[in-house]
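Engineer: Predicted model follows, preceded by the sequence.
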Protein chains: 2
Amino acid sequence: MAEYEKVVIPYAGIYAWVQEIFQAAGLDEEDARLTADNLVTADLRGVYSHGIIRVAIYVKRLQVKVNNPAGKPEIVRSMGATAVMEGHNAMGQVVGVHAMKLAIEKAREYGTGFVAVRGSNHYGAAAHFTMLALPEDMIGISGTMGSTLIMSPWGGLDPLLGNNPFSTAIPALQRDPIVMDMANSVVAKGKVFMAMKTNQPIPESWALAPDGSTTTDPNQAFLGTMRPVGDHKGYGLTLVTGILSSVLSSGSFGKEIEDLYEDFSIPQNIGHYMQAINIAAFTDPVKFKTRVDEIIDLMHNSAKKTGVEQIFVPGEIEAISARKQMKVGIEYPRALTDELTALSIELGVKPRM
Amino acid sequence: MAEYEKVVIPYAGIYAWVQEIFQAAGLDEEDARLTADNLVTADLRGVYSHGIIRVAIYVKRLQVKVNNPAGKPEIVRSMGATAVMEGHNAMGQVVGVHAMKLAIEKAREYGTGFVAVRGSNHYGAAAHFTMLALPEDMIGISGTMGSTLIMSPWGGLDPLLGNNPFSTAIPALQRDPIVMDMANSVVAKGKVFMAMKTNQPIPESWALAPDGSTTTDPNQAFLGTMRPVGDHKGYGLTLVTGILSSVLSSGSFGKEIEDLYEDFSIPQNIGHYMQAINIAAFTDPVKFKTRVDEIIDLMHNSAKKTGVEQIFVPGEIEAISARKQMKVGIEYPRALTDELTALSIELGVKPRM
């Protein structure tokens, strides 16, 4: 790993800074708060690929109004446990929170709720929304159409699919919750982007260069395609996640989606789905969460391969990172906070570094 | 691939034969029909790992009553769009059909239905149940606790997890439906079992020998553990699928599950989940299915890598196999039909070969 200069910023400081930037870019206070919360929480959890590294592109899209700063999501259809939400081109972070809250309301009444969303934008880390279900003693499930076509159908060459990530969050009692959040590419393209920013080489398994060859150069990978996890299986997962996200809701699919980073002419019309499952409809929530604790302990206590110090469940490494960084501050590459400083000056916001 | 003798049996012939075997093993006519339908349809679709290769072990479990031939599933809890079903140790094939039909009924009323199932058994191919949603213009989703502990938590050595497969079926208009059905192991253990039966070597990526080394010997792999797809990602998927299947419903988890093939003392108490999503609650089903056709065409028409003749969507190869084998008969290794013949003689059923 190449060396790069690091800085540390307290959680509250970076949160307030990012919120101010988004307010300066045209969002109202609440929407700027929701967007900052999404990005800074991702960094706090160590999921830097979905953190403030995205501020610059989001601001650019708001400035040229390809993403509507004043957009407010609307429920356009509601039937029993289901609904369709039109995002009206608001921030994905804003639309996503409204949609998951609606799914939670539905689950309170019907045991489960499933909300299909269109007219949205890149929503950040899927786990941000599924974790909203946890304090309600619910399981949260969400998937989204990726905002950049980065994957080919298995055996094909054309990048027709996003990495279409999905997440499931399951509450525990005394342990950290189980929070799975995976892209269907071996890694999210954001990790390639982060490697570019930090001048790190990438593993050969992550991506293919534009000519189809393997590469360790993040710049080449950024121009090429990402490899699906489990090859044909990951292709299947990403296709299905895309259809659940964008065909139920009438969002965009395939070549209809203009690139998050490269097109500023038309809205992306990203689709998501949000599901909440109310544990109390099935069993006693304390019994459920006690059982989840036992399962986590079962995993932790497995015999370990030589060289493995600890076994984790999904989301646990992120929860440990969040606890630590909440205390000592969030570590960033200097290049990234410099970018935020430049952007702040441009927007008339006082830089906090 | 080693050579082995092949036989071909018409679909109707093998269906009736397998149904008779299960009736002789104690199932009533309808439950025997549901079980035969599940297994023979899997073979028809070329999914031999979940076909009649399982007849012998199912019959054995029925004979010793560790699987109750007279068990009838019961709805023990129902709240809005959700329900809990107790399988009363009936065949997983029987319980699964009742549970998915209930999810479909719920989805008709509430837009979606989610049924958690316990007290069941190995249910065969997950796709069998999700495809029940297709003629209703619904999306079917199902997952199950695997019946054999074959996978370790990532970094661990103890086989604490099943391959916990899950499936999503999505209707198309004029194309074959999209039917994803994947195990979270690189391949289902049934494929290792099939390789044992046919004396085929297996790829090194499939499994680990009991000492943790890679192996191409299916007999060694059968005694070892299966490798999760995408390593830590597959581990996360299988953990989450297991919790959705068995913790919501109070089914068995981890070491509580005695092996399908090796223990005949206590019921497995397998958990599943079944979800149906009613497309009409979200959008016009014809519009939806037309869009799915377009997406399938988009995948088909991608530029292809050198050497790739055709690009498929999930379930398409199986649909092509089913059409062909419905016409010309289902091809089996002779060793497998010989096993069925021996079993038939034991049960007083006239062999159909």
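Structural biologist: Yes, it's here. Numbers count the residues shown, from 1 in each chain, chains lettered A, B, ... in the order given.

Engineer: Just the pLDDT for the residue lying farthest from the centre of chain A.
Structural biologist: Most distant from the centre of chain A: A:Thr306, at 33.0 Å, with distances by CA atoms, centre = their mean. As predicted, A:Thr306 sits at a pLDDT of 82.

Engineer: For chain A, just list every one of the strands.
Structural biologist: A:6-9, A:74-79, A:82-86, A:112-120, A:138-144, A:166-170, A:178-182, A:207-208, A:225-226, A:270-278, A:330-333 (DSSP state E).

Engineer: Tell me which other helices or strands the fourth one touches.
Structural biologist: What it means is strand A:112-120. Where contact means 3 or more CB pairs under 8 Å, 6 or more residues apart in numbering or on different chains; DSSP states H and E, strand A:112-120 is packed against strand A:82-86, helix A:92-110, helix A:232-246, strand A:270-278, strand B:112-120. Where you see a C-beta, it was placed from the backbone N, CA and C, and this is true even at glycine.

Engineer: Identify the residue spatially nearest to the residue nearest the centre of chain A, adjacent ones excluded.
Structural biologist: In chain A, the centroid-proximal residue (CA atoms, centre = their mean) is A:Ala125; its distance is 1.4 Å. Take A:Ala125 and drop its neighbours on the chain: the residue closest to it by CB to CB, 6 or more residues apart in numbering or on different chains is A:His50, 4.1 Å away.

Engineer: List the contacts of that neighbour.
Structural biologist: A:Leu39, A:Ala42, A:Gly124, A:Ala125, A:Ala188, A:Gly190 (CB atoms under 8 Å, 6 or more residues apart in numbering or on different chains).

Engineer: quick one: the residue of the stretch 201-350 of chain A found nearest chain B from A:Ser147, how far?
Structural biologist: In the stretch 201-350 of chain A, the residue that lies nearest chain B is A:Ser302 (3.3 Å; CB to the nearest CB). Distance of A:Ser302 to A:Ser147, given as CB to CB, to the nearest Å: 37 Å.

Engineer: Who has more neighbours out of the two?
Structural biologist: Neighbour count, other CB atoms under 10 Å in any protein chain shown: between A:Ser302 and A:Ser147, A:Ser147 has more, with 23 against 20.

Engineer: Now do the buried residues in stretch A:228-247.
Structural biologist: Residues of stretch A:228-247 classed as buried: A:228-230, A:232-247 (neighbour count, 16 or more other CB atoms under 10 Å in any protein chain shown).

Engineer: the bottom helix or strand of chain A by mean pLDDT?
Structural biologist: strand A:207-208 (a mean of 82; mean pLDDT, DSSP states H and E).

Engineer: Could you list every helix and strand that that one packs against?
Structural biologist: Strand A:207-208 is packed against strand A:225-226, with contacts defined by 3+ CB pairs under 8 Å, 6+ apart.

Engineer: Helices of chain A, start to end?
Structural biologist: A:11-24, A:29-44, A:55-63, A:92-110, A:127-130, A:189-198, A:218-223, A:232-246, A:285-300, A:316-328, A:334-347 (DSSP state H).
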